[in-house]
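[1] Build the 3D model from these lines:
(2 chains, ligands or ions: 2)
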Amino acid sequence: MKLAGNDILIQSLIEEGVEYIFGYPGGASLHIYDAIFNQKEMQHILVRHEQGATHAADGYARATGKPGVVMLTSGPGATNAITGIATAFMDSIPMIVISGQVQSHLIGTDAFQETDMIGVSRPIVKHSFTVDHQSNIAKIIKEAFYIATSGRQGPVVIDVPKDLTNPVDLFEYKYPSEVNIRSYNPPIEPEQSQIDRAVEAIIKSKQTVIYAGGGTISSNAAKELFELNSYINAPITNTLMGLGVYPASDKNFLGMLGMHGTYQANMAMHNADLIIAIGARFDDRITNTPEKFAPNAQIIHFDVDHSSVSKIIEADIAVFGQVKNSLQAMNAKLKSRLSEINDSRLDAWRNQIAEWKEMHGLDHDLYKNNSDDSPILPQAVVQHIYHASNGDAFVTSDVGQHQMFAAQYYHFDEPRKWINSGGLGTMGFGLPAAMGVKLAYPEEEVICITGEGSIQMCIQELSTCTQYKLPIKIFNINNLALGMVKQWQDMNYDGRHSSISYEDSLPDFTKLVESYGHVGIKITKNSQLKAGIEEAMSIKDKLVFVDIYVDPNEHVYPMLVAPDGSLKDMWLGKGEKT
Amino acid sequence: MIEERQLTLIMENKPGALVRVVGLFHQRGYNIESLHVEPINDFKPYKFIEDELNTKFSEGEISRLEIKTTVDDPLMRQILRQINKLIDVIAVSGNEGTYLKGVLRDENLL
Ligand SMILES: Cc1ncc(C[n+]2csc(CCOP(=O)(O)OP(=O)(O)O)c2C)c(N)n1
Ligand SMILES: [Mg+2]
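    Numbers count the residues shown, from 1 in each chain, chains lettered A, B, ... in the order given. Ligands and ions are numbered 1, 2, ... in the order given. As a prediction, this is how the structure comes out:
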């Protein structure tokens, strides 16, 4: 079959099973948009800003496990997408970003809307391609999808000069059935010798803790993880990126660890004799001062990426491979040695952890106070949302205090339901990400927990939600300030609040969303909170924006003491340290 | 220990491959003392790579890159592993040994 470059590109995407393209057109992508117009298999979602396109594609990818697809024009279209590509890169999210480019013969001449997209995006992509000829388009798309979705996943950029998508010149098209990149062989199966050593260490340990992160979700290994812990029955914590990969309602679950992790999770990590790290990368928000990290622990590290292992914390036993395959191998081995795993080996340890939890665990009953004598607590807002949504909604968030409260107080029992920008910490992520999730799962409840600062970074997407009828629920935890920055200024700069407030210039959010055709609900008093949130959840066919005025002085605790602290050094409240 | 070290890479001879490697040094603020890259014409020394990857190199397809740099051991190891992750890199040798097919060998094979 002979096709023009623009049709080859679009047919290749269809061949890859793409449902949605998130994008914004322009001069360099006009030919491509004509090919989009001429097909029915995929829907193009016209966002209002290219950052929104990347976050929407990203949300779609996180929720489904399938790569999100973004279509951009050259120059400003491409550069507008950079934040979203970096966001996906930091969290290892599969994404295909196609950027139009000026015509081949104009490249390097400072042509109108020319940006070196490959150069600009180089440090924040897993790989990138420049299309050099129409006859290579199909192969490049095939390779791009393979690279984005295998090994440690990530975004791939494909830059397409306009002349190579012209509708006139026709080329032979056949979508490749196989892909083989000789220089790229991500590990899949683990080495059995390392599995044996890991099992040995587990049997001997008396103070085990499992620390599972986002890589466990990417690898679709929640089931295998649960099975593993059915054999070893150990306390388990999840990173911010890993929440949901192990059921929060399970008795072994300690909550999140790290900067704003629970007391018991951080204490367990610090005092462990064995840490089983699974698809997690010892980020600085997890380790606190690396030299003081878990002084007595042996480390088993499961990862698909060599460069993540022994990067920050030296691993004693390293298991390279797809996390899913590695855990399957572990489970087989553990099963064969079940009689040697003495459950009481961890008894004293479990008691110790229960004591820690009893002493300084989070209070999950704050929502029960509905007296107007006290201001609305942001923690209680999340607790209400959790109960009103039966704990099984998809929850996206932005970045700040509200994000941490959401992570601490919404209990996720399933993977891929908690969708947030952990690695890059991108304000503006929540709303467009929720759009991507809602498009993927129109029947499911999709909630965005945001702050009045973050929501304004991609607020233009409220219009996209109107156009495509996306009835998501947005809960704006409004503390009238850049709360997380304010908290650091309170704690480290004697309360000098430098450039964190805009109280008198905030819009009336309810009126704003109403002008887009959505429903706005304003809550200012504790006594209105429960009913207001339940009302929002009861509206099924409309986007509802709930603007909730919370105590502006609240801080997120626990909080690791930094710099120079270890995981056992935490602030537990204002002026209260471990 | 900080001392001058050499890294050797075999990579696809494609536009953009070199700058990805160099970028890893630049990002960390490390200087490259010397750099030499050229396409390989004699594949005999690399037959073990061909065997391993079940591939055949042909004229102009792959390049050999040598970099001298001054970094300490842990950083060198990290850079080596990140270079190994680059899609266009076929093999890389340095202080840790040689990465081939993403797997580390004890010896410096390049
Ligand atoms: C794009 C971007 N700019 C700046 C920051 C730094 N930052 C982190 S949290 C935060 C405050 C967020 O305010 P808001 O959305 O109102 O959330 P709150 O902390 O008040 O709950 C800022 C400015 C960021 N994470 N992302
Ligand atoms: Mg705020």
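[2] what about the one helix or strand residue A:404 maps to, near ligand 1?
    Secondary structure assignment for residue A:404, by DSSP states H and E: helix A:401-409. Yes - Helix A:401-409 is in contact with ligand 1 by Cβ under 6 Å from any ligand atom, via A:401-402. C-beta coordinates here come from the backbone N, C-alpha and C atoms, glycine included.
[3] Grab the CA positions of that helix and hand them over as CSV.
    This file holds the C-alpha atoms of helix A:401-409, laid out as CSV (Å, rounded to 0.1, in the frame of the first residue of the first chain):
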residue,chain,number,x,y,z
GLN,A,401,0.4,20.5,51.2
HIS,A,402,-2.9,19.2,49.7
GLN,A,403,-1.0,16.6,47.8
MET,A,404,0.7,15.3,51.0
PHE,A,405,-2.6,15.3,52.9
ALA,A,406,-4.2,13.3,50.0
ALA,A,407,-1.3,10.8,50.1
GLN,A,408,-1.6,10.5,53.9
TYR,A,409,-5.3,10.3,54.3
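[4] what helices or strands is it leaning on?
    strand A:253-256, helix A:378-388, strand A:394-397, strand A:446-451, strand A:473-478, helix A:483-492 (3 or more Cβ pairs under 8 Å, 6 or more residues apart in numbering or on different chains; DSSP states H and E).
[5] Save these as TSV, and put in distance to residue A:32 too.
    As requested, these are exported to TSV (distance: least, Cβ to Cβ, whole Å):
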stretch	distance to residue A:32
strand A:253-256	42
helix A:378-388	40
strand A:394-397	29
strand A:446-451	29
strand A:473-478	32
helix A:483-492	40
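[6] Serialize those to JSON lines and add fields for mean neighbour count.
    Output for these, formatted as JSON lines (neighbours: other Cβ atoms under 10 Å in any protein chain shown):
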{"stretch": "strand A:253-256", "mean neighbour count": "24"}
{"stretch": "helix A:378-388", "mean neighbour count": "24"}
{"stretch": "strand A:394-397", "mean neighbour count": "30"}
{"stretch": "strand A:446-451", "mean neighbour count": "29"}
{"stretch": "strand A:473-478", "mean neighbour count": "28"}
{"stretch": "helix A:483-492", "mean neighbour count": "18"}
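[7] Please identify the buried residues of the helix holding residue A:404?
    Within helix A:401-409, the residues that count as buried by 16 or more other Cβ atoms under 10 Å in any protein chain shown are A:401-409.
[8] Which strand residues bridge residue A:277?
    Residues in a beta bridge with residue A:277, per DSSP bridges, are residue A:211, residue A:301.
[9] Can you give me the separation between it and residue A:270?
    For residue A:277, the distance to residue A:270 equals 14 Å [Cβ to Cβ, to the nearest Å].
[10] These two: which is more packed in?
    residue A:277 (27 against 21; other Cβ atoms under 10 Å in any protein chain shown).
[11] what about the helix or strand where residue A:330 lies, average pLDDT?
    Using DSSP H and E, residue A:330 sits within helix A:323-336. Throughout helix A:323-336, pLDDT has a mean value of 98.
[12] So which elements touch that helix?
    On a contact count with 3+ Cβ pairs under 8 Å, 6+ apart, helix A:323-336 meets helix A:192-204, helix A:214-218, helix A:222-232, strand A:298-303.
[13] Include distance to residue A:155 and mean neighbour count when you put these into a markdown table, please.
    Listed next are those as a markdown table, based on distance: least, Cβ to Cβ, whole Å; neighbours: other Cβ atoms under 10 Å in any protein chain shown:
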| stretch | distance to residue A:155 | mean neighbour count |
| --- | --- | --- |
| helix A:192-204 | 30 | 18 |
| helix A:214-218 | 13 | 27 |
| helix A:222-232 | 23 | 19 |
| strand A:298-303 | 19 | 26 |
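[14] Tell me which of these approaches residue A:38 most closely.
    Smallest distance to residue A:38 across the helices and strands packed on helix A:323-336 (Cβ to Cβ): 34.6 Å, for helix A:214-218.
[15] Could I get the full set of strands for chain B?
    Under the criterion DSSP state E, strands of chain B are mapped to B:3-12, B:32-39, B:62-71, B:89-94, B:97-100, B:103-105.
[16] Would you confirm that residue A:311 contacts residue A:284?
    No - here residue A:311 lies out of contact with residue A:284, judged by Cβ atoms under 8 Å, at a distance of 11.1 Å.
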